[in-house]
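> heads up, no residue letters with this:
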Ligand SMILES: Cc1cc2nc3c(=O)[nH]c(=O)nc-3n(C[C@H](O)[C@H](O)[C@H](O)COP(=O)(O)OP(=O)(O)OC[C@H]3O[C@@H](n4cnc5c(N)ncnc54)[C@H](O)[C@@H]3O)c2cc1C
């Protein structure tokens, strides 16, 4: 995957947690102030580094959830129960604490707000995070490009940004289709993404949409394959994989 920014050439910056909020029972948004932040594009991510007193350090990547906004960044972290880094970020880090990060990283998986193509966003789980940055940038820029979001979650309680998505879909040209893989609201079936859902909820190939897919590796590969089978040009499908093969 192409990368415009090379991590080795980026310096580590010391940010400060200025606030945080729960998005679900297991996901938390961190609001960071990052002096010296050079700005970002919707879709990019940062590397976060934790360093223990004995010098041991661990790094992980986190997508930027917020639209470009000066030196302020929001990250949304899904807690992995036996994880090394995500439990610290979601349960231990407190307002005022420092957090080392570098970025922005990624020049391929980005949405330029001036784009005229209809937008198709497909998210699995926390893969919604960089797509939310695109939706927020779309709003900030008052873009009139129509957006369709297909968002697969285990259950309604696992959906990140649910109320904001609902509000934005009333106020802007955003249509959201939720898929529930394990538990759904009454009367709604559960199921995984498939060709029928793509046909009903995605733009048709003739609309020439810009397409972004993000989530666990298996979800991303399945969805990209369904879109290609539906007639979309593989060259316009941009993907970002978050976790281990599912
Ligand atoms: C470009 C990029 C952007 C990312 N953006 C985000 C983001 O915005 N929000 C976010 O929450 N995560 C994001 N991730 C995932 C993140 O980098 C970490 O992998 C995740 O937080 C787990 O780290 P950990 O140290 O807690 O777990 P680890 O100690 O690395 O792993 C613990 C266990 O959990 C499994 N595991 C690791 N990652 C995942 C996962 N994503 N899903 C399910 N199981 C997993 C491992 O196989 C292992 O068994 C992103 C990853 C990439 C590559």
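Good, I have the coordinates. Source: prediction; values computed, not measured.
> Can you tell me the SS state at the residue nearest the centre of the chain?
Most central in the chain under Cα atoms, centre = their mean is residue 129, positioned 2.1 Å from the mean C-alpha point. Following DSSP: H, G, I helix; E, B strand; the rest coil, we place residue 129 in the helix state.
> State the number of residues packed around the residue lying closest to it once chain neighbours are set aside.
Take residue 129 and drop its neighbours on the chain: the residue closest to it by Cβ to Cβ, 6 or more residues apart in numbering is residue 63, 4.2 Å away. Where C-beta positions appear, they are placed from N, C-alpha and C, glycine not excepted. Neighbour count for residue 63, taken as other Cβ atoms under 10 Å: 26.
> In contact with residue 63, which residues?
43, 44, 45, 75, 76, 129, 130, 133, 214, 240 (Cβ atoms under 8 Å, 6 or more residues apart in numbering).
> how about the residue nearest to the centre of the chain, what does it touch?
So residue 129 contacts 62, 63, 64, 65, 75, 76, 160, 214 (Cβ under 8 Å, 6+ apart).
> do that again at 7 Å, thanks
Contact analysis of residue 129 by Cβ atoms under 7 Å, 6 or more residues apart in numbering lists 63, 65, 76.
> just checking: which of the contacts of residue 63 also lie near the ligand?
Among these, the ones lying close to the ligand by the criterion of Cβ under 6 Å from any ligand atom are 45, 76, 129, 240.
> The second one: what secondary structure?
In the three-state summary, residue 76 is assigned as strand, counting by three-state DSSP.
> Give me the longest strand you can find in this protein.
Determined from DSSP state E, the single longest strand within the chain is strand 13-24.
> mind checking the SS state of residue 185?
Once three-state DSSP is applied, residue 185 turns out coil.
> phi, psi of it?
Per-residue torsions, residue 185: phi -60, psi 160 (degrees, to the nearest 10).
> Could you report the neighbour count for the residue nearest to it when sequence neighbours are not counted?
Spatial nearest neighbour of residue 185, chain neighbours left out: residue 156 (5.8 Å); criterion: Cβ to Cβ, 6+ apart. For residue 156, the neighbour count with other Cβ under 10 Å is 14.
> What score does residue 156 have for pLDDT?
In this model, residue 156 is scored at 98, pLDDT.
> and the gap between it and residue 166?
12 Å (Cβ to Cβ, to the nearest Å).
> Which element, helix or strand, includes the closest residue to the ligand within the chain?
At 2.0 Å from the ligand, residue 83 is the closest residue in the chain, using Cβ to the nearest ligand atom. Assigning secondary structure by DSSP states H and E places residue 83 outside every helix and strand.
> quick one: the residue in the chain sticking out farthest from the centre from residue 99, how far?
Seen from the C-alpha centroid of the chain, the residue lying at the greatest distance (Cα atoms, centre = their mean) is residue 54, 32.9 Å away. Look at residue 54 and residue 99: by Cβ to Cβ, they are 19 Å apart.
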